[in-house]
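**Q** This is the structure alone, sequence omitted:
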Ligand SMILES: C[S@@+](CC[C@H](N)C(=O)[O-])C[C@H]1O[C@@H](n2cnc3c(N)ncnc32)[C@H](O)[C@@H]1O
C-alpha cells in the first residue's frame with residue numbers, strides 16, 4: 001500500500017448524555033439541534049465516547065432550551081442512577097432540573113450521594129461519596145479488587161442486568177449516532193437481542209499486568225503508604241492513573257494456570273537479592289514494564305498452554321532467570337518471551353523479542369482450524385465466546401452466517417483488519433480466495449503461517465496501513481463479493497469508507513468492539529456524508545451485539561450491510 005500524508009480532520013456528530021431520553025423518538029430532527037459537531041484528530045480515538053468530552057463544541061444552538069441549572073464543583077447531590085452509559089458510567093438526573101450527571105461505578109437503581117468533580121460540556125461528572133441504597137440487581141462481587149479495579153466495573157450487577165444495559169446502549173447508539181430511526185429498526189427487525197456469554201469468569205485468554213513503582217491504595221489505606229520496595233506493585237492500572245498500579249495477586253477473568261504464574265511472579269519479584277526494579281514512568285529508570293499472560297490450547301492434546309511475556313526496558317536475560325525457573329515449573333507454561341521496549345512509552349509492544357523458554361508461540365482452536373498466536377498478535381480475548389463449538393451463535397459463527405457465502409467456492413472475500421487471519425481463514429473453506437489486510441507485520445506472518453498450518457492455499461495476507469490507502473488500493477485483488485471489516489476501537493478511516501462506497505461490494509460484515517464508532521461508520525456507509533458530498537449506498541440488515549467481556553463496559557457487535 002502506498003504511503004500518503006496524514007489525512008485531514010474529520011467531522012462527526014456527537015450525542016449528548018441525555019440521549020436515553022430520546023430513545024424512543026423516531027424523529028431525528030428532534031434530536032439534531034442537541035447534536036453538536038466536533039472536530040476529530042486522525043486517530044479518532046476519543047470518538048470511542050459517544051458522550052464527547054469536547055465541551056468546545058457543546059454549545060446548544062438557537063432554538064434549544066439551555067438548562068440554566070448547573071451544579072457547582074464540589075457540590076454534593078443526592079442521585080439515583082437510571083441506566084448505564086458509555087464506559088459503563090451510571091447516568092443520573094438531578095431531581096427537578098433533569099440535569100444529567102455521570103458517575104463512574106454507579107449502577108442502575110442505586111441511590112447515592114455524589115460530589116461534582118467537573119463540568120463536561122452540558123453535563124457534569126460526579127464521584128460517589130456514599131451509597132444510600134443499593135442498585136436494583138445487586139450481587140456480591142466475587143473479586144476482592146472489584147470496587148477499585150478499572151477492569152470489572154459491574155461485578156456488583158447481576159449478569160442479566162449487565163447484558164440488558166449493553167443491549168440498550170447499542171440500540172441507542174444505532175439510533176442516535178447511526179441516525180437510524182426506531183421505526184426502521186423495529187419494522188425490519190434490524191436489532192437482534194444480545195448474545196450473552198455462558199461463562200462470566202476465567203474467560204480472558206490474555207491479560208496484561210503492569211509493574212509500577214507507585215502502588216495505588218484506596219483512600220482508607222493511604223496512611224499505610226511505604227517507600228521503596230513496599231511501594232512496588234504488579235497489577236492493573238488504577239482507573240485514571242497512568243502512574244499508579246493496583247497490586248493484584250489474582251484476576252478472576254483469566255485462567256487458573258495464568259493465576260498460578262501471576263502468583264509465582266508476585267512471590268519473588270520484589271526480593272532485593274534479584275535486583276529487579278519496576279520501570280518508573282517519571283524517571284524512566286527501571287527494568288520490568290509488563291507481564292503479559294496468554295492462554296491457548298495445544299492443537300494435538302487439547303490441553304491448556306500458556307505463554308508468559310515479560311516486557312522489559314532492556315535485554316538482560318540473566319535478571320529474569322530466577323523468575324523463569326519458577327514459572328517454567330508450572331506445567332501449562334510452554335513459552336516464555338521477552339519483549340524489549342526501550343522507549344519512554346509504556347506499551348507492551350517490543351522493538352525486539354527474545355524467546356527465553358519453550359516455544360515462541362502458542363496455539364488455539366477455532367472452528368476446526370488451528371491458530372498460532374505470538375506475543376504481539378491480536379486474537380479474540382474471549383476464546384469461549386469466540387470459539388465455543390457447543391453454542392450456536394458465537395462470534396465466528398455469526399460472522400460466517402452474515403457473510404452468507406454460497407459455499408461453491410466462487411466468491412472473493414476481503415478481510416480488512418485481519419489480525420492473524422482468523423475470520424478470513426474460517427471463511428476460506430467456502431470461498432474462492434480471501435485477501436486479508438493488517439498493519440502489524442507479526443500478525444501477517446502469523447496469518448500466513450496459520451493458512452499453511454491448516455492447509456489453506458486460497459488466502460493472501462498483506463501488511464499495510466488501512467488509514468493510509470490511496471487510489472492504488474484494490475488493484476491487487478479482484479472485486480470482492482464480501483467485505484469483512486473488523487477495525488479496532490477508532491473504527492474505519494474516511495479513506496476506507498470512501499473506498500468501500502466506491503467498491504460497492506454486495507455485502508459488508510462490520511465487526512466492531514466499539515458500538516459508537518461502529519454506529520458512525522454505519523451511518524456513513526448507509527446515509528453518506530453530506531458535507532463531503534459522499535453518498536451512502538448500503539442498507540443496514542442486522543446489528544447483533546455479543547457480550548465478549550462480562551463485568552466490563554465493552555461490547556462487541558456484528559453488523560450486516562447489503563448494497564442497495
Ligand atoms: C479488532 S482486531 C481484529 C483482528 C481480526 N479480525 C480477528 O478477529 O482476530 C483489529 C485489527 O486491526 C489492526 N489494525 C489497527 N489499525 C490498523 C490499520 N490502520 N491498518 C490495518 N490494520 C490495522 C490491528 O492490528 C488488529 O489486528
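**A** Thanks, I have it. Everything numeric in this text was worked out from a predicted model, so none of it was measured. Numbers count the residues shown, from 1 in each chain.
**Q** how does this structure divide up, domain by domain?
**A** 10-57, 67-136, 206-366, 370-563 (automatic domain parsing).
**Q** Mean neighbour count, the ones you listed: which tops it?
**A** Ranked by mean neighbour count, these are led by domain 370-563 with a mean of 20 (mean count of other C-beta atoms under 10 Å). No exception for glycine: its C-beta is placed from N, CA and C like everyone else's.
**Q** That one close to the ligand?
**A** Yes: using C-beta under 6 Å from any ligand atom, domain 370-563 reaches the ligand at 378-380, 417-420, 422-423, 437-440, 443, 465-467, 486-488, 513.
**Q** which ones among these are found in strands?
**A** Residues of the residues of domain 370-563 next to the ligand located in strands (DSSP state E): 437, 438.
**Q** if we can go back for a sec, Serialize the domains of the chain to a markdown table and add fields for distance to residue 148.
**A** Converted to a markdown table, the domains of the chain look like this (distance: least, C-beta to C-beta, whole Å):
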| stretch | distance to residue 148 |
| --- | --- |
| domain 10-57 | 22 |
| domain 67-136 | 10 |
| domain 206-366 | 6 |
| domain 370-563 | 14 |
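**Q** a markdown table please, covering those domains and showing mean pLDDT.
**A** Formatted as a markdown table, the domains of the chain follow (pLDDT from 0 to 100):
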| stretch | mean pLDDT |
| --- | --- |
| domain 10-57 | 29 |
| domain 67-136 | 91 |
| domain 206-366 | 92 |
| domain 370-563 | 93 |
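**Q** Can you say which of those is nearest to residue 182?
**A** Among those, the nearest to residue 182 by C-beta to C-beta is domain 10-57 (4.9 Å).
**Q** mind listing what the residue of the stretch 301-450 of the chain found nearest the ligand touches?
**A** The nearest approach of the stretch 301-450 of the chain to the ligand comes at residue 419, 2.8 Å away (C-beta to the nearest ligand atom). Under the criterion of C-beta atoms under 8 Å, 6 or more residues apart in numbering, the neighbours of residue 419 are 377, 378, 379, 438, 440, 443, 447, 486.
**Q** can you pull the contacts of the first one?
**A** The neighbourhood of residue 377, defined by C-beta under 8 Å, 6+ apart, consists of 419, 420, 440, 442, 443, 446.
**Q** Now with 6 Å, please.
**A** 420, 442, 443, 446 (C-beta atoms under 6 Å, 6 or more residues apart in numbering).
**Q** Could you tell me whether residue 542 really is in a helix?
**A** No: assigned with DSSP: H, G, I helix; E, B strand; the rest coil, residue 542 falls outside any helix and is strand.
**Q** secondary structure element for the spatially closest residue to it that is not a sequence neighbour?
**A** With sequence-adjacent residues excluded and distances taken as C-beta to C-beta, 6 or more residues apart in numbering, residue 542 is closest to residue 560, at 4.7 Å. Under the criterion of DSSP states H and E, residue 560 resides in strand 556-563.
**Q** ok, now residue 153?
**A** Residue 153 is located outside every helix and strand, with elements delineated by DSSP H and E.
**Q** Not counting its neighbours along the chain, what's nearest it?
**A** Residue nearest to residue 153 in three dimensions, not counting chain neighbours: residue 88, with 4.5 Å by C-beta to C-beta, 6+ apart.
**Q** Relative to residue 487, how far out is that neighbour?
**A** To residue 487, residue 88 is 22 Å away according to C-beta to C-beta, to the nearest Å.
**Q** Next: residue 74.
**A** 40 Å.
**Q** next one: residue 142
**A** Computed with C-beta to C-beta, the distance linking residue 142 and residue 487 is 33 Å.
**Q** What of residue 208?
**A** Note on residue 208: its distance to residue 487, by C-beta to C-beta, is 21 Å.
**Q** Next up, the contacts around residue 522.
**A** For residue 522, the contact set (C-beta under 6 Å, 6+ apart) comprises 178, 540.
**Q** How about residue 313?
**A** For residue 313, the contact set (C-beta under 6 Å, 6+ apart) comprises 279, 287, 342.
**Q** Distance to residue 548 and secondary structure for those residues - can I get that in TSV?
**A** Below are these laid out as TSV (distance: C-beta to C-beta, whole Å; DSSP: H, G, I helix; E, B strand; the rest coil):
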residue	distance to residue 548	secondary structure
279	30	coil
287	34	coil
342	33	coil
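**Q** in the stretch 51-200 of the chain, which spans are strands?
**A** Taking DSSP state E, counting those that start in this stretch, the strands of the stretch 51-200 of the chain run over residues 76-84, 90-93, 100-103, 111-120, 123-133.
**Q** closest one to residue 413 among those?
**A** Of all those, strand 76-84 sits nearest to residue 413, with 35.8 Å by C-beta to C-beta.
**Q** related to what we said a few turns ago, show only the entries of the contacts of residue 419 found in helices.
**A** Among the contacts of residue 419, DSSP state H puts 443, 447 in helices.
**Q** How much space separates residue 103 from residue 97?
**A** 16 Å.
**Q** who's in contact with stretch 99-109?
**A** With contact meaning C-beta under 6 Å, 6+ apart, stretch 99-109 is reached by 17-18, 67, 69, 81, 83, 89-90, 92-93, 114, 123-126, 128, 135-136, 153, 157.
**Q** check these against the ligand, which are close?
**A** Restricting the contacts of stretch 99-109 to contacts with the ligand (C-beta under 6 Å from any ligand atom) yields no residues.
**Q** re the thing from before, switch the contacts of residue 419 over to TSV; also include distance to residue 294.
**A** Output for the contacts of residue 419, formatted as TSV (distance: C-beta to C-beta, whole Å):
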residue	distance to residue 294
377	10
378	11
379	8
438	19
440	15
443	14
447	17
486	20
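**Q** For the residue nearest to residue 397 when sequence neighbours are not counted, report the pLDDT, please.
**A** With sequence-adjacent residues excluded and distances taken as C-beta to C-beta, 6+ apart, residue 397 is closest to residue 367, at 7.4 Å. At residue 367, the model reports a pLDDT of 85.
**Q** In this structure residue 367 contacts residue 426, no?
**A** Yes: between residue 367 and residue 426 there is a contact under C-beta atoms under 6 Å: 4.7 Å.
**Q** tell me, what's touching the two both at once?
**A** Common neighbours of residue 367 and residue 426 (criterion: C-beta under 6 Å, 6+ apart): residue 396.
**Q** still on that earlier bit, any idea which of the strands of the stretch 51-200 of the chain gets closest to residue 181?
**A** Proximity to residue 181 (C-beta to C-beta) singles out strand 76-84 among those, at 20.9 Å.
**Q** Partner strands of that closest one, with direction?
**A** Here strand 76-84 is paired, per DSSP bridges, with strand 90-93 (antiparallel), strand 111-120 (antiparallel).
**Q** would JSON lines of the ones you listed with distance to residue 352 be doable?
**A** As requested, those are exported to JSON lines (distance: least, C-beta to C-beta, whole Å):
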{"stretch": "strand 90-93", "distance to residue 352": "44"}
{"stretch": "strand 111-120", "distance to residue 352": "41"}
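**Q** For residue 355, find the nearest of the ones you listed.
**A** Nearest of the strands paired with strand 76-84 (C-beta to C-beta): strand 90-93, 45.5 Å.
**Q** what distance separates the closest one from the middle of the whole chain?
**A** 23 Å (C-alpha atoms, centre = their mean, to the nearest Å).
**Q** Quick check: the gap between residue 288 and residue 92.
**A** For residue 288, the distance to residue 92 - C-beta to C-beta - is 41 Å.
**Q** need the residues of the stretch 251-400 of the chain near the ligand, please.
**A** Counting by C-beta under 6 Å from any ligand atom, the stretch 251-400 of the chain sits next to the ligand at 378, 379, 380.
**Q** tell me which of these is nearest to residue 452?
**A** In terms of C-beta to C-beta, no member of those lies closer to residue 452 than residue 379, at 17.4 Å.
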